[in-house]
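>>> compute the structure for the input listed below.
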Amino acid sequence: MIIPGHDNLLSSGDLLNLRNLLQERSNEFSGRNSAAAFLEKMIEEKGLKSAVISSRESFVRADREYYWSEEEFNILRQRLQGSGKMFAGLEVCKLAVDVFPNSALTYDNLGGAYIRNGELKLAIESYERSLKLSPFNRNAEEILKILHQQ
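Got it, this is the predicted structure:
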């Protein structure tokens with residue numbers, strides 16, 4: 001038993017498998033730089049448009065110098081939008097959708113970014129795509145109900 005009273009949740013084998021999975025992911029990223037960190041640095045140094053173009057080019061040519069983390073792109077989007085850079089957050093979401101096209105979360109985030117930028121029709125399309133990828137996405141369901149009432 002790992003946690004008293006919770007022995008049916010995680011076994012030592014589950015924890016070992018999780019540790020191995022995390023180690024594999026760490027090895028995959030070892031010696032490589034974060035594409036999200038690169039994008040953030042490029043936004044500061046070269047501006048948004050140049051940064052997004054450079055990131056897209058790096059992704060298209062499968063540049064092994066960088067690793068692409070959906071979580072890190074989400075954190076970057078939150079940081080940008082939290083500092084009032086709504087359009088930059090939207091562009092990060094668009095890039096994340098290109099890089100992670102089968103992620104309901106990226107479409108959910110894109111929908112939110114479109115709302116923050118006043119683009120409700122595109123927000124609806126993004127939330128519908130998110131819901132298609134993850135039919136039990138309650139957030140997308142609720143926001144779509146509100147958007148369809150507008």
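
>>> show me where this protein has helices.
12-29, 35-46, 48-60, 70-82, 86-99, 104-116, 120-133, 138-149 (DSSP state H).

>>> can you redo those helices as JSON lines with mean neighbour count and mean pLDDT?
C-beta here means a position set from N, CA and C on the backbone, and glycine is covered the same way. What follows is the helices of the chain, written out as JSON lines (neighbours: other CB atoms under 10 Å; pLDDT from 0 to 100):
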{"stretch": "helix 12-29", "mean neighbour count": "10", "mean pLDDT": "69"}
{"stretch": "helix 35-46", "mean neighbour count": "17", "mean pLDDT": "90"}
{"stretch": "helix 48-60", "mean neighbour count": "15", "mean pLDDT": "84"}
{"stretch": "helix 70-82", "mean neighbour count": "18", "mean pLDDT": "92"}
{"stretch": "helix 86-99", "mean neighbour count": "21", "mean pLDDT": "93"}
{"stretch": "helix 104-116", "mean neighbour count": "23", "mean pLDDT": "95"}
{"stretch": "helix 120-133", "mean neighbour count": "18", "mean pLDDT": "96"}
{"stretch": "helix 138-149", "mean neighbour count": "14", "mean pLDDT": "92"}
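
>>> tell me the spacing between the closest residue to Tyr66 other than its chain neighbours and Met86.
Distances taken as CB to CB, 6 or more residues apart in numbering place Ala35 nearest to Tyr66, at 4.1 Å, with adjacent residues excluded. As judged by CB to CB, to the nearest Å, Ala35 and Met86 stand 22 Å apart.

>>> ditto for Tyr66
The value you get for Tyr66 to Met86, if CB to CB is used, is 25 Å.

>>> residue contacts, Ser103?
Glu70, Ala96, Val97, Leu133 (CB atoms under 8 Å, 6 or more residues apart in numbering).
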